[in-house]
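In: what would the 3D arrangement of this be:
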Amino acid sequence: ETKITERKMEVNMFLPEDKLGLHLRGGAILPVQRPDVTTTYSRRHPMGLIIALDDNKAASGELFWDDGDSRDTVSSGAHIHYIFQVRDGSLSLILEHNGYEDPNNLKFENITVMGLSSAPPSVIVFDGNKTEPLTDSQIHYDADKQVLHLRNLNLVLGKPYTVTWQSQKKFNCYPEDGGDKAKCEERGCIWEASSFPQCYYPENHGYIASNVVESKSGISLDIDRNTAFPRQRSQSKDINKLRVEVTYLTDNSLRWKIFDPENARYEVPVHLNLPDTPHTEEDKRNYKVVVNNEPFGIRVVRKYSLEVLWDSAVPGFTFSDQFLQISTLLPTNFVYGVGETEHPSYKHNLNFNDYGLFAKDQPPGYKKNSYGVHPFYMGLEKRQHAHGVLLLNSNAMDVSFQPTPALTYRTTGGILDFYMILGNTPEEVVQQYTEMIGRPALPAYWSLGFQLCRYGYANDTEIADLYNDMSAAGIPYDVQYADIDYMERQLDFTLDKVNFPGLPDLVNRMRADGMRFIFILDPAISGNETTGTYPAFETGVEKDVFIKWPPELSSDIVWGKVWPDFPNITVDNSLDWDTQVELYRAYAAFPDFFKNTTAEWWHEQIKNYYNDVMKFDGIWIDMNEPASFVHGTVGEKCLGNPALENPPYMPPLESKERGLNHKTLCMNSEQILADGTRVKHYDVHNLYGWSHTKPTLDALQSITGKRGVVITRSTYPSSGRWAGHWLGDNFSAWDQLYKSIIGGKILHNEARHKCATAIDSFCSLSPGMMEFSIFGIPYTGADICGFFDAAQEQMCLRWMQLGAFYPFSRNHNSINQP
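Out: The predicted model follows:
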C-alpha cells in the first residue's frame, strides 16, 4: 500500500520476523561484500555496490580498502581509495589512489541501483580502454520496486570503471574497425571514449528538407546535404541533392523512396504488387506521415495508438555513391526477421548487434551472412499491433540494432526504397507482405509427404535396395532424391552411365508405384568438354547466356570453378581442398538468368533431359548465390574498378578482408536485365538465386504439366512465389533437433567436403522455418536426423517425429556417414 505526498512516498512493507528492515538514504552509495562466519573469510568474497538514487537521480560514496591489519597504511599509501559518483545515468568508479594489491583478486560482482523509474535499454561498461555492453542475462529490472540489478560483473578492484545505463540516442559514426579520436573527428563526429558507440554523430548531422509538397496521395520534397559536416568517406562521392517521394499505397501500407533526381541509379528489378492508384482518403488511413526538416527524417505514426512506428529524424543519414545509411528509432524491443543470418533466438537481441547481408556459400557461424538476403523486419508494438518494413535494396548491406531501441541500415549502392505494412496482428502483416511480394507457391500435395535423400549414393543399386527396403518396411515415403552423384563428373544434364545406368528405369518404376522423384541441378556449366559432346555449354554459348565481362574490358566469359571435373582425370580425394579445385575442377560458366534467352535455354536443357534421359517431378537447385570455388574468377584477377570488389565501406561479412568476390564472381561482371539494361554483378549479386528460381519452376511446370515443386538455396523477397527452401547441412545432435524449429546448421561446399572427410567441422545455428515464414517462404525444413555425423537411434526417432510436422519433411545425410 502506498500513499504519495508531494515528493515523498510512504510505503507499508511486509517485514518477516527473521528479516531486518533497512532504510537507505537517497543519494548514498554503499560498498558491500558477501558475508561469511568471520571477516577473515568474508574478505575473500566478491564485492558489490548498493546505490540509492536521490530525487535528482544522483548518488555518491567512497571505499577505503587495505589489508585490514597493518599500521600506517594511510601514510604509507598501502591502500585503495575509490570515490563513487552517479550522475546522468552513469556510475563512475573513480580510483583516487591504488597502492595495495589484494591477494584475493577481488572484483565488484553485483551492483544494485534503487530508485530507477524505468528499465534501461542497455548497460555499458567502460574500463578506460574499451567499452562492452552487458548481456541480457546480466541485467535484471524489477519494475514494481524500481530496482536495477547488474549481476555477474567482472570489475577488478583497483581499476577505474564507468557503468552507464541511461538511454542515449547515439548513432555510430565509425562502424568500421580501427576507429580512433582523430578518424572520428575527421568525419565531423563526436568522440567520447566512455560512450558506446565511442564515435557518434552530432544531433544536426544529415540532410535538410525543402520544397515540401503534400497531396492527398503522398508527400514530395527535396533534401540537401548539410555541408557544415565533411564528407564521410573520401572514396565515395556524396550526392548533395536528393528527392524524396512518399506514396500512400493503401489504408495500411505506404512507400517512401529516396533517390538522386539528376542521375539514374540502379534500382532493384523485382516486381511488387502495388495498387494502380494511390490511396487518397485521409480519414480512412490508419497512419499519418510527418516530415522533419532538420535533420531530415520521416515519422510514420499509427493513428489509433499514436505510436511512432518509424522515426528517421535522427543524425547520421548519408547518401553517397557506394555508402548509404539511414537510422530509425523503433517503438518496440520485439523485432523479428532480417536474414539470412545466424542469431540464437527468434526475437532479435537489440543490444548492439550487427548483421551483414550478402548471399554467400557460407556456413552460418554466429552473425555470418549466409545463402539468402531478406532486408525485412516485423515489429510488435506496445498495444499488441504489428507492422513490417521492407528495404528494397539488393546491394551488400548490414542492419545494426541498438537498445535505444533503434536500427541502422548501411548499404553499398542503389537507392533507399522502403515499404511499410501496418497490421493488427503478425499474421496480418505476413498476409499483407505476401500480397505485396507475391503469395507463396502452392506445393504439390505429394511434396508434403516424407522425402528421402543423401549425398553419396554409390550407384543406382543402392537406391533400388533402399527403395525396396523402405517399401518392405511399410514406411510412408513419397519422394526419392538424387544428389550430384547421379551426374557424370558432376556435370548438369548428364547421367553417370557407369554407376547409374539403371536410374531412369528405377525412377519409372517408383513413379508407377505412386512415388515422386526430385533431382539436383547447379547453375554452373562446364566449359572444358570436347566439342560436340556437351550441348548445355555449346548451345549456351550460341545463345549468349553466360555472364561476361563488360565489353569495354573483354568479350570473354567470367570463368569460375564449382563441382564439374575436367574430363579424363582421376580425383585424388586425399589431397587438400584447394589443390583438388586447382587440379580437377573444370572452368565453369554462369548463366545470366535475367535474360529471356537464358530462361529459354534453361527450359530447353531441362526438357531434353526429361524427354531423352530421365523423368522427374521436382527440381532441387543449389549453389546459386552464385557459389564458386575460386575467388572472383580463375586466376583471381578481376578486371575493372577495384572499388567494386572492395568498396569504401565493407559491411561486417564473413571474410570481408578478402573482398566481396570471395567464393563468388567478380563484382565487375556484367549482367543484362530483361529490358536490356546493363548492370554490374555488384548490384544484382543477391538476386542471382532469385533470378534462377522462376525459370526453373516455369520449365518444370511446362514440361511435366503438373504443379511440382522447386527447392532453392539462395532466396530474396518474392522467391517464395516459385520455390521452397531447405536449411542446409546440419549435424546429428539433440540440440539441432530442438533448434531446427527456428533454424538448422548449414554448410557451404568446402565445409561439406571437409566435414565429410573428417578433416574439419565448423557449422552452427541458422534461423530457419519460423523466420522464413515471415519472409513469405513457408515451405521449409531442416535435414531430419542431421546431415553430418552418425545419428543416435533415439535422437533420430524423436527427430523423425518432429520432422513429420516440417512443411518440407526430408531426411538427408552426407557421404561417408551411415
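In: buried ones in stretch 117-124, by neighbour count?
Out: 120-124 (16 or more other C-beta atoms under 10 Å). C-beta coordinates here come from the backbone N, C-alpha and C atoms, glycine included.
In: distance between the ends of it?
Out: 18 Å (C-alpha to C-alpha, to the nearest Å).
In: sorry, back to before: give me the subset of the buried residues of stretch 117-124 that lies in strands.
Out: Among the buried residues of stretch 117-124, DSSP state E puts I124 in strands.
In: reformat the buried residues of stretch 117-124 as CSV; add pLDDT.
Out: Below are those laid out as CSV (pLDDT from 0 to 100):
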residue, pLDDT
P120, 86
P121, 80
S122, 83
V123, 90
I124, 88
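In: just the buried residues of stretch 117-124 now: which is nearest F590?
Out: Nearest to F590, judged by C-beta to C-beta, of those is S122 at 44.1 Å.
In: need the contact list for that closest one.
Out: 133-134, 139, 165, 167, 196, 351-352, 402-403 (C-beta atoms under 8 Å, 6 or more residues apart in numbering).
In: with P275 instead?
Out: 249-250.
In: what about G640, distance to P278?
Out: G640 is 40 Å from P278, where distance means C-beta to C-beta, to the nearest Å.
In: same check, this time on L155
Out: 56 Å.
In: which of those two has more neighbours?
Out: L155 (21 against 17; other C-beta atoms under 10 Å).
In: beta partners of the closest residue to the more buried one other than its chain neighbours?
Out: The shortest distance from L155 to any non-neighbouring residue, by C-beta to C-beta, 6 or more residues apart in numbering, is to F108 (4.0 Å). Taking DSSP bridges as the rule, F108 bridges to M47, L155.
In: over to the one 5 residues further on?
Out: Bridge pairing for V113 (DSSP bridges) gives the partners I51, L148.
In: what number of residues lie near the residue nearest to L495 when sequence neighbours are not counted?
Out: Distances taken as C-beta to C-beta, 6+ apart place V613 nearest to L495, at 5.5 Å, with adjacent residues excluded. Using other C-beta under 10 Å, V613 is surrounded by 13 other residues.
In: 433 is where my numbering starts, stick with that
Out: Fine by me, first position is 433 from now on; the one you just mentioned is V1045.
In: show me the contacts for V1045.
Out: 925, 927, 936.
In: with L681 instead?
Out: L681 neighbours (C-beta under 8 Å, 6+ apart): 687, 706-707, 710-711, 851.
In: what is the mean pLDDT for the helix or strand encompassing it?
Out: Assessed by DSSP states H and E, L681 sits inside strand 673-682. Per-region confidence: strand 673-682 scores 98 on mean pLDDT.
In: same question for stretch 464-479.
Out: pLDDT averaged over stretch 464-479 gives 95.
In: how about stretch 921-929?
Out: Mean predicted lDDT for stretch 921-929 stands at 98.
In: neighbours of E813, how many?
Out: For E813, using other C-beta under 10 Å, the count is 17.
In: what do you get for K539?
Out: Residues near K539, counting by other C-beta under 10 Å: 16.
In: you'd agree H529 is in a strand?
Out: Yes. Looking at H529 with DSSP: H, G, I helix; E, B strand; the rest coil, it is inside a strand.
In: which one is it nearest to, not counting chain neighbours?
Out: Nearest one to H529, counting by C-beta to C-beta, 6+ apart, is H513 at 4.2 Å.
In: just the buried residues of the host helix or strand of that neighbour, please?
Out: Element membership of H513, judged by DSSP H and E, is strand 512-519. Using 16+ other C-beta under 10 Å as the test for burial, strand 512-519 gives 512-514, 516-518.
In: got it, and stretch 530-543?
Out: Those buried within stretch 530-543 under the rule 16+ other C-beta under 10 Å are 530, 532, 534, 538-543.
In: over to stretch 641-660?
Out: Quick answer for stretch 641-660 (16+ other C-beta under 10 Å): 641, 650-651, 653-655, 657-658.
In: ok, now stretch 798-810?
Out: Within stretch 798-810, judged by 16+ other C-beta under 10 Å, the buried ones are 799-810.
In: can you redo those residues as JSON lines with secondary structure, pLDDT and distance to M445?
Out: Formatted as JSON lines, the buried residues of stretch 798-810 follow (DSSP: H, G, I helix; E, B strand; the rest coil; pLDDT from 0 to 100; distance: C-beta to C-beta, whole Å):
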{"residue": "K799", "secondary structure": "coil", "pLDDT": "87", "distance to M445": "46"}
{"residue": "K800", "secondary structure": "coil", "pLDDT": "88", "distance to M445": "51"}
{"residue": "N801", "secondary structure": "strand", "pLDDT": "90", "distance to M445": "53"}
{"residue": "S802", "secondary structure": "strand", "pLDDT": "89", "distance to M445": "53"}
{"residue": "Y803", "secondary structure": "strand", "pLDDT": "93", "distance to M445": "57"}
{"residue": "G804", "secondary structure": "strand", "pLDDT": "95", "distance to M445": "55"}
{"residue": "V805", "secondary structure": "strand", "pLDDT": "97", "distance to M445": "55"}
{"residue": "H806", "secondary structure": "strand", "pLDDT": "97", "distance to M445": "51"}
{"residue": "P807", "secondary structure": "strand", "pLDDT": "98", "distance to M445": "51"}
{"residue": "F808", "secondary structure": "strand", "pLDDT": "98", "distance to M445": "49"}
{"residue": "Y809", "secondary structure": "strand", "pLDDT": "98", "distance to M445": "43"}
{"residue": "M810", "secondary structure": "strand", "pLDDT": "97", "distance to M445": "42"}
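In: which two in those residues are spaced the farthest apart?
Out: K800 and M810 (22.4 Å).
In: adding secondary structure, distance to G1200 and pLDDT as columns, could you present the contacts of L681 in a markdown table?
Out: A markdown table is the format used below for the contacts of L681 (DSSP: H, G, I helix; E, B strand; the rest coil; distance: C-beta to C-beta, whole Å; pLDDT from 0 to 100):
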| residue | secondary structure | distance to G1200 | pLDDT |
| --- | --- | --- | --- |
| R687 | strand | 29 | 98 |
| L706 | coil | 30 | 97 |
| P707 | coil | 33 | 97 |
| P710 | coil | 37 | 95 |
| H711 | coil | 36 | 95 |
| Y851 | strand | 24 | 98 |
